[in-house]
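Student: Give me coordinates for this.
(chains A and B)
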Amino acid sequence: MTPGATQIVFDNVSKFYGEVLGVNKVNFSLEPGITSLVGPNGSGKTTLMNLLTGLIKPSHGAIYVLGLTPQQPVEFFRRVGYCTQFDSFPPGTNGYDFIYWPLRLHGFAHDQATKLTNEALDRAGMTPVARRKVAGYSKGMRQRIRLAQAIAHHPSVLVLDEPLNGLDPMARSESIALFEAIAKQGMHVIISSHILEEVDRISDRVVLMSSGYVVAEGQIKEVRREVRDHPMQILVRCSNAAKLASAAFELDHVVEAKILSDGQSVLVRTRDAEQFSLLLNKIVSAGLVEVDAVAPADDDVNSIYQYLIGSDGGPA
Amino acid sequence: MSIQESVARAQSSLKEQPWRLFASQIAILVRTEVRRNLFTRRRIWVYLLAFIPVLIFITHNIFSVYHTDSSNIEDDTLVLAGFMQVYYLRLGIFFACMGIFTWLFRGEMVSRTLHYQFLVPVRREVLVVGKFLAGSVISVLLFEVAALACFYLTYSRFGAAGRSYIFDGPGLAQLGSYLLVMALACIGYGAVFLALSLLFKNPIVPGAMLLGWEAVAPIFPSWAQHLSVTFYLKHLCPVKLPIEGPMAIFTIVAEPVSPFIAIFGLLCLTVAVLVLSCFLIRRLEVTYTAE
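Tutor: Have a look, this model is predicted:
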């Protein structure tokens, strides 16, 4: 893979801790926008993020971030911000110093560092408690101060490991809005999370991981196409559920057609959603059934994820 | 100017002057590390190591006020030399540097904060130099103050004779030599312990082996002695201790070398060990679960 100046590239990356697999043969490239890493605990999300930021080194393969590698730290970390999952802080530090001193290490003069610190504190909603010791912060505040540090130097790539953990609903919503605003500026935002509904709503693409392997990668709908073997669920609300279910059963690709308890909805599981849509069009044109609504019942990360890795977390 | 423009401008100017950036990063690292590591309860035992002889000298001086004391300047000069050459160089500075320098990186691993220093645009070699200098400032400051206090307490009680020994006799030169030797001991041991902390998860065992090596190095061939920190320091000590028997191994000078060679040799050893540390830090991975 040739690294592009705007891409993040994982080129056949593997990481082993002795004989234990971290991640294996990871190949993908990411364009700017919000990318979500999704997988159960131990699936390799944090390993992938630590590899991306050079905290650990790949056993095989290479990683390029905007054409740079972590072996060029001066250039690399001016463009990358990483909010890790490690809930630990330098002893005795307060929120302001936690952001200010790393900015000084970036090379910013006192005035610039002060300005950037105040801006980051403001964006993370931490200004009122900035002078308090971090040791006295709540879990949500510690999460937000780490986020503030990661964004303070205006990185082009923002890597966030479980950034919504410990946040109350208001802070969560504000953080999501912040991620979306950063992504709209043409930056990379890479988020890992097990709260699937949240990343599903804000992600431009997903990388699904299980047991150290990338099991699917791309836009939600692309990922869907990658798993054609798995039937898709479509919910149809109509005037005659029994007739629709009966017609659907005549198609080879329909695995199941279940009339729901309201008597007006049919949940169809099909291996070919396009063919089913054509059937639906024919039925409606013929006036056999009036359709009120058609909606994919599982076109979100969670259901695809369940299809791919199964409930036990292992590859399907 | 917007924040984005000022960020871009600052980054562009720093890109053109990397050495200036490295120097400012080292200064910031030294400042933050000294603040974090000098005045902390965790370092109380290091203060004790540095100031136990001072307490002994104070006790001795108080005792001598109330009791007849037959000691003279020559005897006390030897006592002071014993504290400097046997206690400080062999034990006090050794263990203090072990605590200070191994904690610079290993402590960050234990407290799970090392990643913050690996996620800023600082070359890891700069990090090694910055932390080493910070450790040197802390240890040199503590032991130089302790040495000055010991020296003052040794000669102050002799009044005019003591002042004369210092300013008209060899006292001042001896003080200069002790301060130089202690500073060199701090940076020599410091560099070695910094490297050991990057080589081993638990540097206590290799530290104990180093202590043994420093003690028995004089019985090894000349080339091997050059790998010992105390080999260089012994040549710079201003007073020869009249120690005989097995304990003489601490003071014996098997192969005399000039002070210049001794200083230059120790600095070369320090630089070589720091270069090794730079290689080691480049390979270091942040895997706290293994700690």
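Student: In which helix or strand does the residue minimising distance to the centre of chain A reside?
Tutor: By C-alpha atoms, centre = their mean, chain A has its centre lying nearest to A:Ser36, at 1.4 Å. For A:Ser36, the host element (DSSP states H and E) is strand A:33-38.
Student: repeat for A:Ala5
Tutor: When the helices and strands are read off by DSSP H and E, none of them contains A:Ala5.
Student: list the contacts for it?
Tutor: A:Leu66, A:Gly67 (C-beta atoms under 8 Å, 6 or more residues apart in numbering or on different chains). C-beta: built from backbone N, CA, C; applies to glycine.
Student: Where does the prediction get shaky in the chain?
Tutor: Picking chain A for this. A:1-4, A:195-198, A:221, A:224-230, A:298-316 (pLDDT under 70).
Student: wait, I meant chain B there
Tutor: B:1-16, B:69, B:243-255, B:289-291.
Student: Kindly recompute the last result at 80.
Tutor: B:1-18, B:65-71, B:218-219, B:222, B:241-257, B:288-291 (pLDDT under 80).
Student: Settle this for me: A:Leu251 is touching A:Glu274, isn't it.
Tutor: No - assessed by C-beta atoms under 8 Å, A:Leu251 is found out of contact with A:Glu274, at 11.6 Å.
Student: Show me which of those two is the more surrounded one.
Tutor: A:Leu251 (17 against 8; other C-beta atoms under 10 Å in any protein chain shown).
Student: The nearest residue to B:Phe95 once chain neighbours are set aside: which element?
Tutor: In space, and not counting its chain neighbours, B:Phe95 is closest to B:Leu49: 5.8 Å by C-beta to C-beta, 6 or more residues apart in numbering or on different chains. Per DSSP H and E, B:Leu49 falls inside helix B:44-66.
Student: got the buried residues for that helix?
Tutor: Within helix B:44-66, the residues that count as buried by 16 or more other C-beta atoms under 10 Å in any protein chain shown are B:Val46, B:Leu49, B:Ala50, B:Phe51, B:Pro53, B:Val54, B:Phe57, B:His60.
Student: Tell me the residues of chain A that contact chain B?
Tutor: A:17, A:50, A:53-57, A:73-78, A:80-82, A:84, A:86, A:88-92, A:101-102, A:104-109, A:112, A:115-116, A:119, A:153-154 (C-beta under 8 Å from any C-beta of the partner chain).
Student: ok, and the closest non-adjacent residue to the residue most central in space within chain B?
Tutor: With distances taken as C-alpha atoms, centre = their mean, B:Cys186 lies nearest the centre of chain B, 1.3 Å away. Distance criterion C-beta to C-beta, 6+ apart; nearest residue to B:Cys186, sequence neighbours excluded, is B:Ser139 at 4.0 Å.
Student: helix or strand for B:Ala27, which one?
Tutor: Using DSSP H and E, B:Ala27 falls in helix B:18-37.
Student: Next, the angle from that helix to helix B:44-66.
Tutor: Here the directions of helix B:18-37 and helix B:44-66 differ by 60 degrees (axes from the mean of the first three to the mean of the last three C-alpha atoms, to 10 degrees).
Student: Mind exporting the C-alpha coordinates of helix B:18-37 to PDB?
Tutor: The C-alpha atoms that make up helix B:18-37 are tabulated as PDB, following Å, rounded to 0.1, in the frame of the first residue of the first chain:
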ATOM      1  CA  PRO B  18      15.300  22.000  15.500                       C
ATOM      2  CA  TRP B  19      18.200  22.500  17.900                       C
ATOM      3  CA  ARG B  20      16.500  25.400  19.500                       C
ATOM      4  CA  LEU B  21      13.400  23.200  19.900                       C
ATOM      5  CA  PHE B  22      15.500  20.400  21.500                       C
ATOM      6  CA  ALA B  23      17.200  22.800  23.900                       C
ATOM      7  CA  SER B  24      13.800  24.300  25.000                       C
ATOM      8  CA  GLN B  25      12.300  20.800  25.400                       C
ATOM      9  CA  ILE B  26      15.300  19.700  27.500                       C
ATOM     10  CA  ALA B  27      14.900  22.900  29.700                       C
ATOM     11  CA  ILE B  28      11.200  22.200  30.200                       C
ATOM     12  CA  LEU B  29      11.800  18.500  31.000                       C
ATOM     13  CA  VAL B  30      14.400  19.400  33.500                       C
ATOM     14  CA  ARG B  31      12.200  21.900  35.100                       C
ATOM     15  CA  THR B  32       9.100  19.600  35.400                       C
ATOM     16  CA  GLU B  33      11.100  16.600  36.500                       C
ATOM     17  CA  VAL B  34      13.000  18.500  39.200                       C
ATOM     18  CA  ARG B  35       9.700  19.900  40.500                       C
ATOM     19  CA  ARG B  36       8.200  16.500  40.600                       C
ATOM     20  CA  ASN B  37      11.100  14.600  42.000                       C
END
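Student: and that helix, how far out from the chain's middle?
Tutor: Centroid separation for helix B:18-37 versus its chain: 19 Å, with C-alpha atoms, centre = their mean, to the nearest Å.
Student: Enumerate the positions of that helix that are buried.
Tutor: By neighbour count with 16+ other C-beta under 10 Å, helix B:18-37 contains the buried residues B:21-22, B:24-26, B:28-30, B:32-34, B:36-37.
Student: can you give me the strands in chain A?
Tutor: Listed in chain order, the strands of chain A (DSSP state E) span A:8-17, A:20-30, A:33-38, A:60-65, A:80-83, A:157-161, A:188-193, A:205-210, A:213-218, A:232-238, A:254-259, A:265-270, A:291-296.
Student: out of those strands, which comes closest to B:Tyr288?
Tutor: strand A:8-17 (12.4 Å; C-beta to C-beta).
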